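Novice: Build the 3D model from these lines:
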Amino acid sequence: MNNKISDEQLKHFIKEVKDATKLLQLAFPCPEFRREWIPRHEVMQYLGFGSTQMNAISKKYNLRKSTIGKRIFYSVQQIIDLLNKEAENC
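Specialist: Residues are numbered from 1 along each chain as shown. The predicted model follows:
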């Protein structure tokens, strides 16, 4: 059995890694910024909430948010603190 990778296979693999890296850079263009704020749609996706439910949770817990244009961003630390607080109450 030959376990060696051909030059063509290696080139193909390197291209796939580069393509994947580009996609990740597009998804997370500024990691320093993203550590503190997260887009509303990502919070909704993570929590499994729809728009109405997210609005209700935002108001109920007075979530800190920033609005730029029509985009809403939530404080990551506040979301984490809320999840930890609710976990302690279970």
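
Novice: When you work out contacts or count neighbours from here on, use the C-alpha atoms and nothing else.
Specialist: OK.

Novice: low pLDDT regions in this protein?
Specialist: Low-confidence segments of the chain (pLDDT under 70): 1-2, 23-34, 88-90.

Novice: which helix in it runs the most residues?
Specialist: helix 7-27 (DSSP state H).

Novice: Report the buried residues of that one.
Specialist: Buried residues in helix 7-27, counted by 16 or more other CA atoms under 10 Å: none are found.

Novice: next one: it to chain centre, how far?
Specialist: 21 Å (CA atoms, centre = their mean, to the nearest Å).

Novice: Other residues contacting that helix?
Specialist: Residues from elsewhere that reach helix 7-27 (CA atoms under 8 Å, 6 or more residues apart in numbering): none.

Novice: which element is the residue sitting nearest the centre point of the chain on?
Specialist: By CA atoms, centre = their mean, the chain has its centre lying nearest to E42, at 5.6 Å. According to DSSP states H and E, E42 maps onto helix 40-47.

Novice: For that helix, which helices and strands make contact with it?
Specialist: Here helix 40-47 touches strand 71-75, going by 3 or more CA pairs under 8 Å, 6 or more residues apart in numbering; DSSP states H and E.

Novice: Buried residues, the following helix or strand past the strand it packs on. List them.
Specialist: Downstream of strand 71-75, the first helix or strand assigned by DSSP H and E is helix 76-88. Across helix 76-88, burial judged by 16+ other CA under 10 Å covers 76, 78-79.

Novice: Looking at those residues, spot the one nearest E36.
Specialist: Lowest distance from E36 to the buried residues of helix 76-88 (CA to CA) belongs to V76, with 5.3 Å.
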